[in-house]
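> how would this look folded up:
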Amino acid sequence: MTRVRALVMLLALVLLGAGGSLIVAAALGMKASELAHLAGLLVPAVIVTVAAATLASSLLTRTSLRQRYLAIAAVGTLVALGNLFALTQAMFVSARAAAVLAVVLTYASAAGLAAAYASARSSASALDRVTRTAETLGGGDLSIRVGSLDAGPELDRLAATIDQMAGRMQSIRDQEQRIEQTRRDLITAVSHDLRTPLANLRAMVEAIDDRVVTDPPTMRRYVSDMRRSVGELSSLVNDLFEMAQVDAAAIEAEVDRARLDDVIASAMATVEVEAAHKGVHLSADVRGTEAVPCSPHLIRVLQNLLVNAVRHTPADGTIRIEGRRDPRVLRLVVQDTGEGISEADLPHVFDPFFRADTARSGDGAGLGLALAERIVHALGGAIEVASQPDRGARFDVMLPLPTEPALTWSGAEPEPARTRSGGRRGSGSPHPS
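Below you'll find the model as predicted:
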């Protein structure tokens with residue numbers, strides 16, 4: 001079907017040229033008999049032209065672009081000279097006029113060949129550049145680009161399309177590499193955090209099973225240590241499970257809402273005992289925002305921030321929660337007077353399993369902030385950190401205010417949030433430890 005369409009288009013163009021020739025001849029004053037004679041000569045010319053063009057198209061399919069351009073220019077010249085010879089033989093053109101026209105056509109053919117060669121060279125160079133770029137991309141180097149060709153709209157569009165494709169491919173590969181690196185880091189970190197409690201459990205179970213330990217006081221101490229190791233494992237597994245289950249679409253579609261003061265009270269309740277034991281003072285100032293409706297998932301975010309703030313705030317220190325309401329944003333601030341975060345560690349505090357001091361493997365798995373950030377992002381907000389060593393840390397949580405003010409939450413903290421607080425054994429530290 002495509003070949004038939006191309007043949008019909010070729011025939012239409014040749015007939016258009018023949019008709020134009022007759023119109024020009026009539027305009028120049030040719031008589032009717034002469035026009036009829038000319039038309040008779042054009043009929044075989046049309047047939048020969050279509051046949052020659054079809055044959056040339058078939059022969060030129062395997063030639064280079066330069067050869068095609070030169071062949072087209074040569075064919076045009078040969079057709080013009082052939083027509084001139086036919087007209088001379090038919091006595092339409094005198095011998096002297098034919099000689100002059102032959103000279104002019106010879107020069108015109110040379111100029112046409114030169115123009116065809118220059119155009120073909122420019123286009124061929126552009127195509128060579130596109131080809132080399134595609135080959136390099138196929139070899140795995142996705143950083144190369146074609147760039148601007150200035151070789152016409154078609155080739156420029158082709159180059160832009162290839163560059164856009166290369167950019168998307170590079171972005172996808174970079175994302176895959178980041179995911180793969182995260183997976184490796186996850187496996188390494190989980191293996192590290194599982195090793196210590198599992199080793200402790202194995203040692204204590206073997207000691208009890210081999211009756212190395214039989215006295216009640218030691219048995220009670222072993223049971224307490226085993227319970228603590230199991231708690232560490234449970235917290236780690238719960239944190240991993242919750243990180244995997246955080247679904248932005250599900251959180252966005254939730255309809256439950258809680259008062260902000262209830263959310264903060266539930267979060268603070270998880271750290272009150274430990275804060276009192278360390279002598280750390282907790283306070284909250286949410287004046288004007290007490291009744292702001294928010295997602296119950298915010299409890300988990302504040303839990304992680306508070307638990308880790310308590311962990312890294314010395315005795316007689318303070319931890320303060322503030323709530324402020326802008327026209328469209330709810331801003332929560334958790335600020336402490338603890339040991340602070342070094343400038344080098346600030347960009348990494350939200351990375352899963354990040355610890356500034358890798359030797360402190362017992363102070364959480366390093367998932368707390370990563371989980372908090374993921375929940376905040378799922379809620380459509382943002383979380384920021386600012387800190388200086390020995391001057392405490394400040395975490396700002398910005399959340400869009402919900403459009404529906406109705407409260408459907410019961411006021412009690414969901415059980416999964418209590419059991420998976422991750423603060424004491426499974427949560428990452430806002431002060432990387």
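> could you pull out the strands for the stretch 251-400 of the chain?
Listed in chain order, the strands of the stretch 251-400 of the chain (DSSP state E, counting those that start in this stretch) span residues 258-259, 281-285, 293-294, 318-325, 329-336, 382-387, 393-400.
> buried residues in stretch 301-318, which are they?
301-313, 317-318 (16 or more other Cβ atoms under 10 Å). In short, each C-beta sits where N, CA and C put it, glycine included.
> wait, which of those is closest to V230?
V307 (19.0 Å; Cβ to Cβ).
> mind putting the strands of the stretch 251-400 of the chain into TSV with mean pLDDT and distance to E274?
Output for the strands of the stretch 251-400 of the chain, formatted as TSV (pLDDT from 0 to 100; distance: least, Cβ to Cβ, whole Å):
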stretch	mean pLDDT	distance to E274
strand 258-259	86	23
strand 281-285	91	10
strand 293-294	84	25
strand 318-325	91	11
strand 329-336	91	14
strand 382-387	90	21
strand 393-400	91	18
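> of all those, which one is nearest S171?
With Cβ to Cβ, the closest approach to S171 among these belongs to strand 382-387: 22.5 Å.
> and the closest one, C-alpha only, in PDB?
The C-alpha atoms that make up strand 382-387 are tabulated as PDB, following Å, rounded to 0.1, in the frame of the first residue of the first chain:
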ATOM      1  CA  ALA A 382       8.000  18.500  54.800                       C
ATOM      2  CA  ILE A 383      10.400  18.100  57.700                       C
ATOM      3  CA  GLU A 384      13.600  20.100  58.300                       C
ATOM      4  CA  VAL A 385      16.400  19.900  60.800                       C
ATOM      5  CA  ALA A 386      18.800  22.600  62.100                       C
ATOM      6  CA  SER A 387      21.400  22.000  64.700                       C
END
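> which strands or helices does that strand pack on?
In this structure, strand 382-387 makes packing contacts with helix 368-378, strand 393-400, judged by 3 or more Cβ pairs under 8 Å, 6 or more residues apart in numbering; DSSP states H and E.
> give me the angle between the shortest one and strand 318-325.
Spelled out, that is strand 393-400. 20 degrees (axes from the mean of the first three to the mean of the last three Cα atoms, to 10 degrees).
> now for strand 393-400, which elements pack on it?
helix 298-311, strand 329-336, strand 382-387.
> out of those, nearest to Q175?
Distance to Q175, taken as Cβ to Cβ, is lowest for strand 382-387 among the helices and strands packed on strand 393-400, at 21.0 Å.
> and the contacts of stretch 313-330?
For stretch 313-330, the surrounding residues in contact (Cβ atoms under 8 Å, 6 or more residues apart in numbering) are 260, 264, 268, 275, 278-289, 292, 294, 302, 306, 309-310, 331-339, 392, 398-401.
> out of the residues you listed, which end up buried?
When neighbours are counted using 16+ other Cβ under 10 Å, the contacts of stretch 313-330 contain these buried positions: 260, 264, 268, 275, 280, 282, 284, 286, 289, 292, 294, 302, 306, 309-310, 332-339, 392, 398-399.
> export stretch 207-221 as PDB, just CAs?
This file holds the C-alpha atoms of stretch 207-221, laid out as PDB (Å, rounded to 0.1, in the frame of the first residue of the first chain):
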ATOM      1  CA  ALA A 207      24.100 -21.400  79.100                       C
ATOM      2  CA  ILE A 208      20.700 -22.200  80.500                       C
ATOM      3  CA  ASP A 209      20.300 -25.400  78.400                       C
ATOM      4  CA  ASP A 210      23.800 -26.600  79.400                       C
ATOM      5  CA  ARG A 211      23.000 -25.800  83.000                       C
ATOM      6  CA  VAL A 212      26.000 -23.500  83.200                       C
ATOM      7  CA  VAL A 213      23.700 -21.100  85.000                       C
ATOM      8  CA  THR A 214      21.300 -22.600  87.700                       C
ATOM      9  CA  ASP A 215      21.100 -20.100  90.500                       C
ATOM     10  CA  PRO A 216      17.900 -18.000  90.600                       C
ATOM     11  CA  PRO A 217      19.400 -14.500  90.700                       C
ATOM     12  CA  THR A 218      21.400 -15.200  87.500                       C
ATOM     13  CA  MET A 219      18.500 -16.900  85.900                       C
ATOM     14  CA  ARG A 220      16.300 -13.900  86.500                       C
ATOM     15  CA  ARG A 221      19.000 -11.600  85.100                       C
END
